Structures are given as structure tokens and as C-alpha cells.
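*Asks:* Show me the folded form of this:
(chains A and B)
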Amino acid sequence: MTMHCSCLLVLSQMALGLTEVPSSPPSAPPPSIAYAPVLDADGDAYAQPMIAALPLTHSTEATRRALQSVTATNAFSEDGGGLRLGKVRLLKGGKLLLTNGVTTVEGSSGGGIARWATIAGRQMPGGIGLSNHATAIELPDFGWRSFGVAVGFGDRLELSYSHADFNTRDAGALLGIGQDYTFNLDTYGAKLRVAGDVVYGDPWMPQIAIGIEHKRSGDGALVRALGAAEVNGTDYTLSATKLLLAQSLLINGTLRYTKSNALGLLGFGSADDGYKLQFEGTLGYQLSRRAVVGAEYRTKPDNLDLGASPAWMDIFAAYALTDHLTVTAAYVDLGSIATFSNQRGGFLSAQVAF
Amino acid sequence: MMTAAAAALLLLQQVPAEGTDWDAEFGVELKQRDPVTGELPVDPFHQSNANAGAVPYDSARLVHDFGGREGIARIAARTVELSEADPRIAAIFAAHDTVRLKRTLSEQFCYLLGAGCDYTGRDMKTSHNGMGVTKADMNALVENLQAAMREEGVPFAAQNRLLAKLAPMSGDVVEP
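*Replies:* Next up, the predicted model:
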């Protein structure tokens, strides 16, 4: 078998002319694969950098991403921050500063009191981001504290949760519900970007998002006693937001279909009032990449006939201290709350987003 | 047996000669930089200011804010340099003629800002075709451009006016 094999080898090599034959004439050039001297004729060819014109129909970056290993799950990515789960980027960021908005009193990406069409978190398409916030509002007779978390999926979907405590302080005793009685409200939000982009694309085509906010009051018996029809309720929102770069203006308008009484702190609807369409708007001016100032306006129903003012207003300044930490300070005018008028005060909020 | 024979044949092949020009072997074309401009040649295309992708401003103040043509040229070159050094998007620039890009980007900015240049580059769709640019890449480039404009002392509102001309082009630049 072995003999047979080597015989065949020798034969085949001879047939292909590969075997060195010692008696070959010395003048025969050593066999070589097509040598092209033309390219070397220009002596400077290698002195100057030459770039090969590779066929770039499927270019490097796109190809690199497509070929990226999916096996190295849960590993710190090699390019930029964040974690990787398969091909999904976790907390990698990538959004332009402030284009994730700050956080509303209801825990959604937006201004201070107006919901925007922006998606919380700094993630880009294919990534998942996270946003946390804490907000305090100090009014002459009341105090508001809220905190919450929002998760952003791509630049597409936002899911949020926020918990608010509304302390009635001395007003509680005067209203007969007890000194420092604190209303509680849980808000579960979802927002879906359906079209447009807040920065890119046609300057007159805003980012448009639809959303819901399901709110659950923690004070069932009391809000019913105050006249609210329900303890839980859901708001439906349609938002449009655009950064007009030429004017450095941020414009936002949101339509909210709601039956919430004071965001839902005082329950939802009443014996004779239900859903109504309300408006909330923001006008902001960008001072720098990190700073924006502006004003907000939000109408609200007075289902409980407590003489609540028809709208809330604020003027605000937001500053991105780092890529991740944004603080917002505002002067808010919440009008009359539970018969206590002139509720104007300070709003301070911090947001940490990835 | 045939497999063994084939393997042995492979092993016994002669080593290719030293200095074999593999580019020539595989038909890889080599482009030579222009000795004067240092740019690589591009395929012929229809040259027009319309390729810049937007209608220019007409404001002497805006041009002044950008430091005139020289300032604009520095901003364009610096944007490219920052991007070449930016790990987020360096890979996109690595395979491209950044000598030419610095010139055409400068011409585009200069034209759009109304500083009196003609744009001689290709349109945005053609020039970004097949690059696989994402919106995140575009954001990174915007940040580098903003950094270059800050270094040049361009007021923020004026920076945004240039971005306002570029942002609507995203549809031609970003791969769907």
C-alpha cells in the first residue's frame, strides 16, 4: 500500500513537472508565479503611500458589525462603554446631550410638567438604556417628592414607573385629613415613538409619540370621599417634539386625554365629569450643548369643583453636568390646590441616564 | 489514498518567488495619490453646488462667526481629525481618503454658510453609499463637529445654524 502510494506520487509529480530534475539546463529560470514588473517600473511606487481600492460595496464598518461575534455575551464591549447582550447594547448611550429630555412629575421623558415625544435613556437603535430621577417641589403649603425609573428600548419604546408623595403639611390639619397627610400616586407609563426624529430629518417633521400613563392612587377611601369616581385611571397622550436647530428652539406639544384630578393624587373623574382633552406645551431655548432654558404650560380639568386653577406653568433651566447627570431647576406656578391658592414655588430634579 | 496523494502534492508545491506582487496576482487595482493635492482619484460625477444638499445662508455675520473661509477650513479639517481619532467612528474613516474629505467638507460648509465657495464633491447619498453609517455614528460626528466649532470660538447659536443645514441630510447619510 505504501509502495503503491509513493509510486503514484512520484509519477504524478513528474507528470506535473514539479519534481526538481538535477540535469535541467542552468539557463532555465526558476519557475515563479506570474511576476508583474510593470508595477515596479516606477521606483517611487512604494515611496508614496498607496491605498488599495478595495471593492467597498459592503463597507468595513457595516461588515464589521454584521460579522461581530454573538457568542461573547455579557462581555464588556470592546468599543465604547456599556455591556453587550448578544447584539443588544446595554447602557452604551450614544444620544446627543439632552435629546433624551429630563423627567416629568409623572416619570416620563419630557420637561418638568409636560410630556415630550422623546424616549428616556441615552440608547440608540439596537440599545437599551436606563434613566432614573428624583424630583422635589416646594410650595407654600405643600411638598412633592417623587422618584422613578424608565427603561428605553432603542429610540422607540419607553417604559416608566414613578412614585410620588404629596405632603399636605399644615394644610392637612386645616382640611381635616390630618397634619402631614401624604397622598401617594404610582404612575406606570409607556410611550412609543411612531414617526420622526427630534433632531434629524425634515425640520418641520417632529418626533411623534403615542403613550399611556396608568395611575394608581394610594388613597382610595379619601379620594372617593372627596368626590372622585375612581381610584385608578389611565391617561392617553399624543406628543410631538422638535428641536429647531436654526433657531436653537425646542418646541413640544402634547394632547392628553385624561380624567385625572391633580395628576391622579385626588383620584379620577367625578360623579358628573369624565375624560377630557388637555394640552401641555414646552418652549425651550438651547444656550449650549449642556444648557436649555424655557417655559411650560399644562392645562388640567377641575372635575372635583375645588376651584383648581385651569393650568400649571413653569419656567425652567436644565443643565447636563455630565453626559449622564442632568439637573433641572424651575419656578412653578400650580395655582390653587385644594382651595389653597397661590401655590408657587421651587422645583428641583436630578436625572441619571445611561 | 487519493486524499493522501493530494495532500502530498500540496506539500510539495514550490514556494512562490520572493517579491511576488500579490496585488497584481489577485487583480487589485492600485490608486495613486495626486502628486499636487495628495488626493486619490474618484470616478467621474456631475459637479454641482446642488450636491451640497441645502440652500446656503446669506449672512455676513454668520460667516464672520465662523472665522471666514479660513476658520471654516480649520473646522472641517479638525472635525475629520477628531473623527479619525474617535474610537466610535474611526473605522468608517480608516478606509477613506481623508485628504479629499477635508477639502470637500470644507467646501460644503463654506458653501452652506454663504462664504462664497463652490462645492465640488459628490452628493450626500452617493458619497455615503455603502458606508453603513448609523444614527449613532452621525451623533458622534456631530459631537466632533461641535468640538471643532467650540475650539474655533463659534457662538452656539451659529453652530446650530450650520447643524440645521446638515441635520435634514440624515436620510441620505444614515443607512436604513
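*Asks:* What's the local residue count around the residue of chain B found nearest chain A?
*Replies:* Nearest residue of chain B to chain A (CB to the nearest CB) works out as B:Gly132 at 2.4 Å. The way it works is simple: take the backbone N, C-alpha and C, and place the C-beta from them, glycine included. B:Gly132: 19 surrounding residues under other CB atoms under 10 Å in any protein chain shown.
*Asks:* Go ahead and list the helix or strand containing it.
*Replies:* According to DSSP states H and E, B:Gly132 maps onto no helix or strand at all.
*Asks:* Got phi/psi on the nearest residue in space to B:Arg74 that is not next to it in sequence?
*Replies:* Once flanking residues are discounted, B:Arg74 sits nearest to B:Glu152: 6.1 Å by CB to CB, 6 or more residues apart in numbering or on different chains. Note on B:Glu152: its backbone torsions stand at phi -90, psi 0 [degrees, to the nearest 10].
*Asks:* SS state for the most centrally placed residue in chain B?
*Replies:* Nearest to the mean C-alpha position of chain B, by CA atoms, centre = their mean, lies B:Leu101 at 4.3 Å. Counting by DSSP: H, G, I helix; E, B strand; the rest coil, the backbone at B:Leu101 sits in helix.
*Asks:* need the contact list for the residue lying closest to it once chain neighbours are set aside.
*Replies:* Nearest non-adjacent residue to B:Leu101, counting by CB to CB, 6+ apart: B:Val80, 5.6 Å away. Residues in contact with B:Val80 (CB atoms under 8 Å, 6 or more residues apart in numbering or on different chains) are B:93, B:98, B:101-102, B:105.
*Asks:* Test my guess that A:Asn342 contacts A:Phe142.
*Replies:* No: assessed by CB atoms under 8 Å, A:Asn342 is found out of contact with A:Phe142, at 11.8 Å.
*Asks:* Give me the more crowded residue out of those two.
*Replies:* Ranked by neighbour count (other CB under 10 Å), A:Asn342 and A:Phe142 place A:Phe142 first, with 22 against 14.
*Asks:* Return the backbone torsion pair for that one.
*Replies:* Dihedral pair for A:Phe142: phi -140, psi 160, per degrees, to the nearest 10.
*Asks:* Hmm, it is touching A:Ser336, no?
*Replies:* No: when contacts are counted by CB under 8 Å, A:Phe142 is not listed as touching A:Ser336 (11.4 Å).
*Asks:* Pull up the overlap in contacts between these two.
*Replies:* Common contacts of A:Phe142 and A:Ser336, defined by CB under 8 Å, 6+ apart, comprise A:Gln343.
*Asks:* tally of neighbours for A:Ala329?
*Replies:* Residues near A:Ala329, counting by other CB under 10 Å, number 14.
*Asks:* can you list the residues of the stretch 201-350 of chain A near chain B?
*Replies:* The stretch 201-350 of chain A has residues A:201-203, A:244-246, A:248, A:286-289 near chain B, with proximity defined as CB under 8 Å from any CB of the partner chain.
*Asks:* Now go through those residues and say which are in strands.
*Replies:* With strands taken from DSSP state E, the overlap with these comprises A:244, A:286.
*Asks:* got the residues of the stretch 201-350 of chain A next to chain B as a markdown table, with pLDDT and neighbour count columns?
*Replies:* As requested, those are exported to a markdown table (pLDDT from 0 to 100; neighbours: other CB atoms under 10 Å in any protein chain shown):
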| residue | pLDDT | neighbour count |
| --- | --- | --- |
| A:Gly201 | 94 | 19 |
| A:Asp202 | 93 | 13 |
| A:Pro203 | 91 | 17 |
| A:Leu244 | 97 | 15 |
| A:Leu245 | 96 | 23 |
| A:Ala246 | 96 | 15 |
| A:Ser248 | 97 | 21 |
| A:Gln286 | 97 | 23 |
| A:Leu287 | 97 | 14 |
| A:Ser288 | 96 | 17 |
| A:Arg289 | 95 | 18 |
